[in-house]
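[1] can you look at this prediction? I've put the sequence above it.
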Amino acid sequence: MISTEEKKNIVINRVNELIEQFKQKKGSSAKHTISFPDVLFTIVGRVAGNCSFDNSTGTGVLNFNTVLMEENWETFIEHTVSHEVAHFCTNIYFGFIYTSSGRRQSHGKDWKNMMRFFGVKEISRCHKYRLDNVKQTRKTKRFLYECNCGYQHQIATPTHNKIRYHGQKRICKTCCDEIRFVKRIK
């Protein structure tokens, strides 16, 4: 039986192996110099892993959920670790990629190609882990937005904060107009 600390070390070693593989094949044409990201194990709740990347410095942090790692070890080391390292390497190689509506494209063709490069055969955006033993995070608040066509968009707190406080824009897919805040729903 492998202890949690040993599993964490295996995850860190796997991250380093994948980045070393990336450096050998694609490193010379990357937009940033390649430095190894910090690896943390502080995520709780339903999220298995996360990649934070600073495009101005080319540095990043990979964060993982210890409970989901423990309960799904084989799949976690194969898919979740590769998934987050693929985000990191895609950002290094291509920089941030945005869709025509201004949203950041996280799971597009470049990320999928990076997953294939790492040898992942079953590529998916979300994990399918059982969530019985994870700490449930609080329910997020919802906000009502409208556009010119009258469609009412319900937006969760993180997206609302990006629009309201960080100047990001969201566009209605029907009328292509920018959506506007109306009120808090829940």
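    In hand now; what should we look at?
[2] how about Leu131, what does it touch?
    Arg46 (C-beta atoms under 8 Å, 6 or more residues apart in numbering). The way it works is simple: take the backbone N, C-alpha and C, and place the C-beta from them, glycine included.
[3] the lowest-mean-pLDDT helix or strand in the chain - contacts with which helices or strands?
    Lowest mean confidence among the helices and strands of the chain (mean pLDDT, DSSP states H and E): helix 157-166, at a mean of 85. Counting contacts by 3 or more C-beta pairs under 8 Å, 6 or more residues apart in numbering; DSSP states H and E, helix 157-166 is packed against strand 142-146, strand 180-184.
[4] now distance to Val81, mean neighbour count and mean pLDDT too, for those strands, in TSV please.
    Converted to TSV, these look like this (distance: least, C-beta to C-beta, whole Å; neighbours: other C-beta atoms under 10 Å; pLDDT from 0 to 100):
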stretch	distance to Val81	mean neighbour count	mean pLDDT
strand 142-146	33	17	90
strand 180-184	38	12	90
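[5] as JSON lines, the ones you listed with distance to Thr33 would be great.
    Converted to JSON lines, these look like this (distance: least, C-beta to C-beta, whole Å):
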{"stretch": "strand 142-146", "distance to Thr33": "40"}
{"stretch": "strand 180-184", "distance to Thr33": "41"}
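[6] report the buried residues of the longest helix anywhere in the chain.
    Ordering each helix of the chain by length in residues (DSSP state H) puts helix 4-26 first. Across helix 4-26, burial judged by 16 or more other C-beta atoms under 10 Å covers 7-8, 11-12, 14-15, 18-19, 21-22.
[7] Lys26 - nearest residue in space that isn't next to it in sequence?
    Tyr93 (5.8 Å; C-beta to C-beta, 6 or more residues apart in numbering).
[8] likewise for Thr66?
    Phe41 (4.8 Å).
[9] same check on Val81?
    According to C-beta to C-beta, 6+ apart, the nearest residue to Val81 is Arg14 (5.0 Å).
[10] and Gln168, by the same measure?
    Nearest non-adjacent residue to Gln168 (C-beta to C-beta, 6+ apart): Lys162, at 4.4 Å.
[11] tell me how many other residues surround that neighbour.
    Neighbour count for Lys162, taken as other C-beta atoms under 10 Å: 15.
[12] go on, Met69?
    24.
[13] beyond the strand or helix carrying it, next helix or strand please.
    Element membership of Met69, judged by DSSP states H and E, is helix 66-71. Downstream of helix 66-71, the next assigned helix or strand under DSSP H and E is helix 73-75.
[14] next structured bit after that next one?
    Remark: after helix 73-75, the chain's next helix or strand is helix 81-94, criterion DSSP H and E.
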